[in-house]
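Novice: Requesting a structural model of the entry that follows:
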Amino acid sequence: MSDPSELRALYRDLLQRLQRNEREFRRLGRAVWRVQEDERRRIARELHDGVGQNLTALKLRLHELQSALAPEQTALHDGLAQALALCGDTLEDTRELSRLLRPPILDDLGLASALRWLARSHDGRGGARVELALGELPELDGELQTLLFRTAQEALANASRHANAQQIRLSLQRQGEELRLQVHDDGCGCDPAVALASGGNGLGGMRERLRLYGGRLELDSAPGQGLRLSARVPLDYA
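Specialist: Numbers count the residues shown, from 1 in each chain. Now for the predicted structure:
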């Protein structure tokens, strides 16, 4: 084994085995994530088509009962008005939960339309205006679209909840053979190492999901200087 050529051969063999194991780990990780996304899609549809439609029917029935009351039945009018308000709030909460689990626009119209919807839905939250810049994108498979959408969704949620920002800029563009998604805010900033280690802001999960696709997460920030989050993903991740 002291022969240098044998040591080099052993090293190459070990390196190849490590690379094969890593590829297999990523493949299995992507498979688990696909199952999770399929389950989110199923629950979102059941909420929208099942619970949501039942609540809509209930709301219509309550309206009919309210219309049938005599004007002097004030106590019943008040009770039905409260029931209608509660039904309306629950219906809106159900629709919002369904959209958060899996927005139909992502499956129906694709990533660009879903990001436009996401930017509109976050615009004004916490007082921050959201600007979106989309470059010309190649045709992407469903997994990459979901990965980039989830990354943008998590990053915008963090900026809206924690950054106290006035401006948030979301951009996605192709750079060579990879995609680069950026979310830049002018908020309070943070220590990137502390933010990644905290575990309560989704950054750790975001980084691990990107790694499954050969991507990487970069944070550039300092207290009081906003945050620039950058996610890079290769187009050919297999």
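
Novice: C-alpha only now, for contacts and for neighbours.
Specialist: Will do.

Novice: Work out which residue lies at the spatial centre of the chain.
Specialist: With distances taken as CA atoms, centre = their mean, the residue of the chain nearest its centroid is Arg150 (2.6 Å).

Novice: And that residue, how far from Glu22?
Specialist: For Arg150, the distance to Glu22 (CA to CA, to the nearest Å) stands at 23 Å.

Novice: What of Leu69?
Specialist: Going from Leu69 to Glu22 by CA to CA gives 69 Å.

Novice: One more: Leu58?
Specialist: When Leu58 is compared with Glu22 (using CA to CA), they lie 52 Å apart.

Novice: One more: Leu219?
Specialist: According to CA to CA, Leu219 stands 25 Å off from Glu22.

Novice: what about those two, which has more around it?
Specialist: Per other CA atoms under 10 Å, whichever of Leu219 and Glu22 has more neighbours is Leu219, with 20 against 13.

Novice: What ranges does this structure have for its strands?
Specialist: 129-134, 167-175, 178-185, 216-221, 227-234 (DSSP state E).

Novice: Turn the ones you listed into JSON lines, columns for distance to Leu18 and mean pLDDT.
Specialist: Output for the strands of the chain, formatted as JSON lines (distance: least, CA to CA, whole Å; pLDDT from 0 to 100):
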{"stretch": "strand 129-134", "distance to Leu18": "37", "mean pLDDT": "96"}
{"stretch": "strand 167-175", "distance to Leu18": "29", "mean pLDDT": "96"}
{"stretch": "strand 178-185", "distance to Leu18": "24", "mean pLDDT": "96"}
{"stretch": "strand 216-221", "distance to Leu18": "20", "mean pLDDT": "94"}
{"stretch": "strand 227-234", "distance to Leu18": "21", "mean pLDDT": "95"}
